[in-house]
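**Q** Dropping the sequence and predicted coords here.
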Amino acid sequence: MINQNQSGKILLLYGIIFTGFLVFLAVMLFTVLDPRHIPSKYTAESSKASRGSIISADGFHIATTKKLFKAVVNTRYIDPQKKDLFVELFSIYSGMEKKTILKKINNHKGVVVLSYNIPQIQAHYLKKLAYELRRFKVFKALKNPRTGLLSVHGLNIIESGESREYNYGNLLTPIIGYPHKLEEDGYTFVKGVKGLEKRFDDELSARQDGYSRGKRDVNSYILLNKESFTKPQINGLDLKITIPVALQIKIEKMLDQMKEELRAKQIMLAVMSSTNGDILAMASSNRYFPKEIKKSDYPSLNSGMIEYSFEPGSVLKPVTFSLLLEKKLVNPYDLVNGHNGRFKIGRKMITDEHRFDWLSAENVIVHSSNVGIAQLAQKLSGFEFYDGLKKFGFSKSSTHDLIYEKKGSIPSAKRLENQIYKATCSYGYGLRANLMQLLRAYSAFNNNGKMVYPKLLRSLINEYNQETKIPYEEQVEAIKSTTAQRMKDILIKTVNKGTGVKTITPGLEVGGKTGTAHIVEKGRYVNKYNTSFIGFVNDKKRKYTMGVVVVQPKKSQFAAQTAVPVFKKAIDIMVEDGYLQPDIVE
């Protein structure tokens with residue numbers, strides 16, 4: 001029989017066991033209900049899409065986008081015993097000087113940005129370094145004061161933005177244009193401001209940033225399976241243009257030399273296929289570095305090809321003459337009175353540099369007679385003249401591939417009824433045009449009367465290297481093919497016997513017309529000139545329309561001594577590079 005003392009001991013033991021059990025249940029319940037700070041089984045990654053590149057006809061990347069990364073470290077987590085190791089390794093991997101790294105981590109406690117401009121390749125290797133630094137315990141674990149848990153914050157490599165790179169310096173500026181920087185949520189990206197960068201900004205711009213989420217492995221990499229989610233990164237489209245780098249470089253170098261020789265303010269030159277409008281070269285002597293634009297570069301930021309409109313002078317005479325031929329108002333062999341170089345219409349005295357008594361109508365073009373073309377133009381009605389200029393594309397956009405074009409102006413049909421306006425307009429005064437408009441107009445003389453649209457963009461290429469060709473614009477008939485052929489013959493004669501004689505190249509068909517025009521400043525003509533030569537050059541297989549404008553040459557006011565030599569040098573470069581093959585029998 002159990003005595004009372006033993007019974008009390010057994011009861012106490014059961015009480016202790018029961019109390020312990022209740023404590024165990026309470027602890028288990030607290031553990032279940034309390035939020036646990038355990039690492040997530042899931043992870044997410046994002047990546048920024050890039051702006052597309054601009055690629056030359058011969059496959060060179062003229063403008064590209066470089067991704068930039070920043071390196072961030074929390075100095076509190078660096079083990080003092082291993083600081084030198086961290087500095088040494090980061091210096092090797094990043095290329096930064098050790099003293100620069102030391103200064104940054106010694107001067108700041110906490111989060112420090114070691115570099116903002118780390119290229120993508122370096123960033124790849126620095127991410128590997130960050131993993132190795134954690135593995136070798138270069139960073140110590142510290143207790144989080146809020147959670148009481150230990151954590152390690154090491155080296156982080158974060159995508160911070162993009163930089164636009166121009167691999168050939170000032171090549172093709174200002175046509176290629178330039179971008180400016182914008183920032184969104186701490187990420188720097190670029191938008192086009194001028195040139196091709198602006199005109200095709202929508203096509204070049206990144207389409208969709210990448211994003212992935214899913215279960216992670218022990219190294220925190222996403223496990224791609226049916227449970228994961230991925231939104232692909234879609235970069236901007238690449239632009240492939242019609243201009244080859246090799247030819248463009250040579251043309252630009254030649255223009256630089258001629259600008260100095262002629263003491264000109266600027267020289268512009270464009271070469272275009274007369275059959276489809278492909279631009280082979282589009283160059284200016286006034287260029288700039290898109291990433292280093294200085295105040296002195298501001299006048300060069302505009303593309304003179306379409307943004308500089310001027311009174312074209314005598315290069316308009318062939319257009320006027322073709323309208324007369326088209327309407328059968330003149331025969332090339334008609335005789336025209338040269339009035340010994342001086343002829344008065346109303347109050348306007350029209351003069352010629354070279355004086356003639358009589359000359360044939362076609363020789364009015366060959367020898368560039370203002371007196372002759374002013375008289376012939378009177379045969380056109382105001383509407384016929386106005387309508388003809390419109391058909392040749394004047395006062396209209398010349399190309400869809402460039403932006404901010406100054407379309408120039410032509411007198412109204414009513415104003416062109418006036419004899420004086422009709423006379424001055426016939427030889428290129430009283431209206432304004434740009435080089436691309438003149439180039440397009442002259443393409444009709446070398447293409448059976450049909451004008452082509454100057455074309456810079458050949459195709460768009462996506463990130464899978466799939467190429468979409470850009471269709472050509474429909475050609476516009478300015479004059480009949482018979483008129484065009486007659487004008488072509490007259491322009492060839494102008495080269496062989498007239499003002500363009502210095503462009504003669506044996507084995508090639510060369511035609512064109514010189515032009516010299518006073519410059520207007522503050523509403524008055526001043527003693528400054530623009531000179532030009534617009535024409536064509538053909539071999540047996542290829543036909544090109546080419547134009548040169550020399551802005552304010554000081555060496556000479558005559559196109560034959562300024563624009564013509566530039567035109568000839570461009571022909572020689574094209575022959576040298578195989579774009580023209582003279583038909584010469586040795």
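**A** Looks like it came in fine. Residues are numbered from 1 along each chain as shown.
**Q** Val330 and Gln375, how far apart?
**A** According to C-beta to C-beta, to the nearest Å, Val330 stands 10 Å off from Gln375. All C-beta atoms are positioned from the backbone trio N, CA, C, and that covers glycine.
**Q** which element is Lys513 on?
**A** Assigned by DSSP states H and E, Lys513 belongs to strand 509-521.
**Q** That strand: partners in the sheet, and parallel or antiparallel?
**A** Strand pairing for strand 509-521, using DSSP bridges, gives strand 524-538 (antiparallel).
**Q** So, low pLDDT: which residues of the stretch 401-550 of the chain?
**A** For the stretch 401-550 of the chain, no stretch is flagged by pLDDT under 70.
**Q** Kindly report the same for the stretch 201-350 of the chain.
**A** If you take pLDDT under 70 as the line, the stretch 201-350 of the chain has these spans: 216-226.
**Q** the strands in it, which residues?
**A** 210-215, 229-231, 238-241, 266-273, 279-284, 335-337, 342-345, 348-351 (DSSP state E, counting those that start in this stretch).
**Q** Determine which of those strands approaches Thr545 most closely.
**A** strand 266-273 (5.0 Å; C-beta to C-beta).
**Q** Direction included, what does that closest one pair up with?
**A** strand 279-284 (antiparallel), strand 543-551 (antiparallel).
**Q** in which helix or strand would I find Val23?
**A** Per DSSP H and E: helix 4-33 holds Val23.
**Q** Report the rounded mean pLDDT for that helix.
**A** Helix 4-33 carries an average pLDDT of 70.
**Q** what's the answer for stretch 128-135, then?
**A** 86.
**Q** Check the burial of the nearest residue to Lys140 once chain neighbours are set aside by counting its neighbours.
**A** In space, and not counting its chain neighbours, Lys140 is closest to Asp79: 4.7 Å by C-beta to C-beta, 6 or more residues apart in numbering. Around Asp79 there are 14 other residues, counting by other C-beta atoms under 10 Å.
**Q** Enumerate every residue touching the residue nearest to Asp572 when sequence neighbours are not counted.
**A** Excluding its sequence neighbours, the residue lying closest to Asp572 (C-beta to C-beta, 6+ apart) is Thr505, at 7.6 Å. By C-beta atoms under 8 Å, 6 or more residues apart in numbering, the residues touching Thr505 are 537, 568, 571-572, 575, 582.
**Q** Now restrict those residues to buried residues only.
**A** If you count burial by 16 or more other C-beta atoms under 10 Å, the buried members of those come out as 537, 568, 571, 575.
**Q** distance of the last one from Ala413?
**A** It refers to Val575. Distance of Val575 to Ala413, given as C-beta to C-beta: 44 Å.
**Q** host element of Lys379?
**A** Judged by DSSP H and E, Lys379 forms part of no helix or strand.
**Q** That one is in contact with Asn331, isn't it?
**A** No - Lys379 is beyond contact range of Asn331, at 11.5 Å (criterion: C-beta atoms under 8 Å).
**Q** how does this protein divide up, domain by domain?
**A** Listed domain ranges for the chain are 66-163, 245-287+303-576 (source: automatic domain parsing).
**Q** quick one: which of those domains is nearest Glu227?
**A** domain 66-163 (25.3 Å).
**Q** The residue minimising distance to the centre of the chain: what's it in contact with?
**A** Residue closest to the mean C-alpha point of the chain, counted by C-alpha atoms, centre = their mean, is Ile176 at 2.2 Å. Counting by C-beta under 8 Å, 6+ apart, Ile176 touches 54, 62-63, 166, 195-197, 290.
**Q** Reformat those as TSV; add neighbour count, distance to Ile249 and secondary structure.
**A** Putting the contacts of Ile176 into TSV (neighbours: other C-beta atoms under 10 Å; distance: C-beta to C-beta, whole Å; DSSP: H, G, I helix; E, B strand; the rest coil) gives the following:
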residue	neighbour count	distance to Ile249	secondary structure
Ile54	25	16	strand
Ile62	22	11	strand
Ala63	28	15	strand
Tyr166	20	14	strand
Gly195	26	18	helix
Leu196	25	18	helix
Glu197	24	20	helix
Pro290	25	16	coil
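**Q** Appreciated, that's everything.
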